[in-house]
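Predicted coordinates and the sequence they were generated for:
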Amino acid sequence: MKILIVTDAWLPQVNGVVTTLLELLRGLEARGHEVQLIEPSGFKRFACPGYAEIELAWRPGAKVTRIIDAADADAVHIATEGPLGGAARRHCLRRGMAFTTAFHTRFPDILEKALHLPSSWGYAWFRRFHAPSSGVMVPTEGMLSILKQHRFERLLRWSHGVDLRLFKPVAPIPLDELPRPVFLYVGRVSYEKNLEAFLQLDLPGSKLVYGVGPLLAGLRAKYPQVHWRGVVPRDSLPAIYSAADAFVFPSHSETFGLVMLEAMACGTPVAAFPVTGPLDVVGNSDGGVLDDDLARAAMRALEVPRGCARARAVEFDWERVCDQFVSFLVPVDGPAGRRAARFSPTLPSSASY
């Protein structure tokens with residue numbers, strides 16, 4: 001099958017959406033599917049307001065139209081709601097082409113934190129964006145419930161996974177200069193991550209942060225006792241996760257939270273709030289501790305056996321994730337069209353509405 005995926009999030013960006021799409025691309029190609037991407041690098045770009053390191057396509061409509069028409073894909077999947085996703089959506093609607101979408105990021109909540117715009121406005125806009133989709137793929141049960149409350153339709157529960165070949169217990173990086181225990185955070189240093197809830201905790205040992213984002217300079221100045229390490233290549237992360245005693249994830253606005261899975265896959269237990277994302281990734285497993293008191297969760301996470309954390313991550317297998325994604329795709333000319341025979345059933349019995 002030829003699958004066209006449209007995304008505003010792609011390399012060199014470092015975030016969960018890019019990681020998820022990279023793993024999906026590898027899995028689809030390993031299954032013999034031909035995948036074509038529409039992503040920002042082939043377009044004139046501008047810096048995303050408030051996130052200068054993220055570049056978005058500038059007025060991409062005409063080029064997106066040409067690419068989609070030339071691709072002659074069997075299925076179109078719009079992964080993001082940015083300029084490229086919007087241009088692809090408009091063209092598919094003009095041509096009467098069916099497509100699927102995904103809800104990867106809680107932008108309405110991010111905008112509320114960053115710009116003080118009511119999240120209800122954002123959810124109304126995103127509901128309109130996804131309304132023509134034949135299926136909206138959502139990574140967690142908690143996020144699916146939130147979108148139902150905001151009257152989204154045709155929701156499909158599509159979990160994410162972790163690369164267990166890369167993320168596993170390995171020889172840790174040397175941290176001899178840091179007092180133990182070491183509490184680690186890996187991710188964007190931005191409004192939606194609620195990072196200051198971790199930084200201000202009164203914890204023994206050391207706090208270690210890997211990541212960049214619009215709040216980095218201000219938080220680094222405010223919390224000089226924290227060890228700030230910036231961004232590292234992805235294949236360096238297993239040794240970093242393996243070196244930490246606990247992974248602290250303070251976000252309240254996740255759709256999934258892939259870094260939690262990466263940490264647990266390396267044997268590092270997670271401490272987080274009991275909210276959407278952590279509830280789905282950690283849940284009531286032995287892989288970490290969820291508590292409204294984040295300091296208490298962090299201290300209790302130190303008692304979690306590292307083997308239990310790894311065991312929870314193993315449950316999130318990318319093989320199943322890729323197969324489920326393919327099963328949710330729809331032929332561009334509709335279920336009764338000439339391409340329909342090349343698909344698995346569009347809406348399996350496991351789909352959630």
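All right, it came through fine.

In the stretch 251-353 of the chain, what residue spans correspond to helices?
258-265, 278-281, 294-301, 306-314, 318-328 (DSSP state H, counting those that start in this stretch).

what's the pLDDT at Ala341?
What the model reports as pLDDT for Ala341 is 53.

Could I get the buried residue list for stretch 82-89?
Gly82, Pro83, Leu84, Gly85, Gly86, Ala87, Ala88, Arg89 (16 or more other CB atoms under 10 Å). For glycine as for every other residue, the C-beta is placed from the backbone atoms N, C-alpha and C.

Adding pLDDT, distance to Arg95 and secondary structure, write the residues you listed out as TSV.
Listed next are the buried residues of stretch 82-89 as TSV, based on pLDDT from 0 to 100; distance: CB to CB, whole Å; DSSP: H, G, I helix; E, B strand; the rest coil:
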residue	pLDDT	distance to Arg95	secondary structure
Gly82	94	20	coil
Pro83	97	19	helix
Leu84	98	17	helix
Gly85	98	16	helix
Gly86	97	15	helix
Ala87	98	13	helix
Ala88	98	11	helix
Arg89	98	11	helix
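
Of these, which is the nearest to Arg229?
Arg229 lies nearest to Gly82 out of these, by CB to CB, at 28.8 Å.

burial of the closest residue to the closest one other than its chain neighbours, as a residue count?
Nearest residue to Gly82 in three dimensions, chain neighbours excluded: Asp8, at 3.1 Å (CB to CB, 6 or more residues apart in numbering). Neighbourhood size, Asp8 [other CB atoms under 10 Å]: 26.

for Asp8, what are its contacts?
By CB atoms under 8 Å, 6 or more residues apart in numbering, the contact list for Asp8 reads Glu39, Pro40, Leu56, Ala57, Thr80, Glu81, Gly82, Pro83, Leu84, Gly85.

give me that answer again for 10 Å
Asp8 is in contact with 17, 38-40, 43, 48, 54-57, 60, 78-87, counting by CB atoms under 10 Å, 6 or more residues apart in numbering.

In helices only, show me those.
If you go by DSSP state H, those have Val17, Pro83, Leu84, Gly85, Gly86, Ala87 in helices.

that older thread, three-state assignment of the residue nearest to Gly82?
Judged by DSSP: H, G, I helix; E, B strand; the rest coil, the three-state class of Asp8 is coil.

Find me the pLDDT at it, would you?
So, for Asp8, pLDDT stands at 96.

just Pro233 next, same as before
So Pro233 comes in at 92 (pLDDT).

Quick one: neighbours of it, just the number.
Neighbours around Pro233, by other CB under 10 Å: 7.

repeat for Lys168
Lys168: 17 neighbours (other CB under 10 Å).

Pull out the CA atoms of the helix or strand containing Ser145 and give them to me as PDB.
Using DSSP states H and E, Ser145 sits in helix 141-149. Taking C-alpha atoms only, helix 141-149 is exported to PDB below (Å, rounded to 0.1, in the frame of the first residue of the first chain):
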ATOM      1  CA  GLU A 141      -7.800   6.400  26.900                       C
ATOM      2  CA  GLY A 142      -7.600   9.500  29.000                       C
ATOM      3  CA  MET A 143      -7.100  11.800  26.000                       C
ATOM      4  CA  LEU A 144      -9.900  10.100  24.200                       C
ATOM      5  CA  SER A 145     -12.200  10.800  27.100                       C
ATOM      6  CA  ILE A 146     -11.200  14.500  27.100                       C
ATOM      7  CA  LEU A 147     -11.900  14.800  23.300                       C
ATOM      8  CA  LYS A 148     -15.300  13.100  23.800                       C
ATOM      9  CA  GLN A 149     -16.100  15.800  26.400                       C
END
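
gap between it and the chain center?
Distance, stretch centre to chain centre, for helix 141-149: 16 Å (CA atoms, centre = their mean, to the nearest Å).

next helix or strand past that helix?
Per DSSP H and E, helix 141-149 leads on to strand 155-157 as the next helix or strand towards the C-terminus.

which secondary structure elements does that following strand contact?
strand 100-102, strand 136-138, helix 141-149, helix 318-328 (3 or more CB pairs under 10 Å, 6 or more residues apart in numbering; DSSP states H and E).
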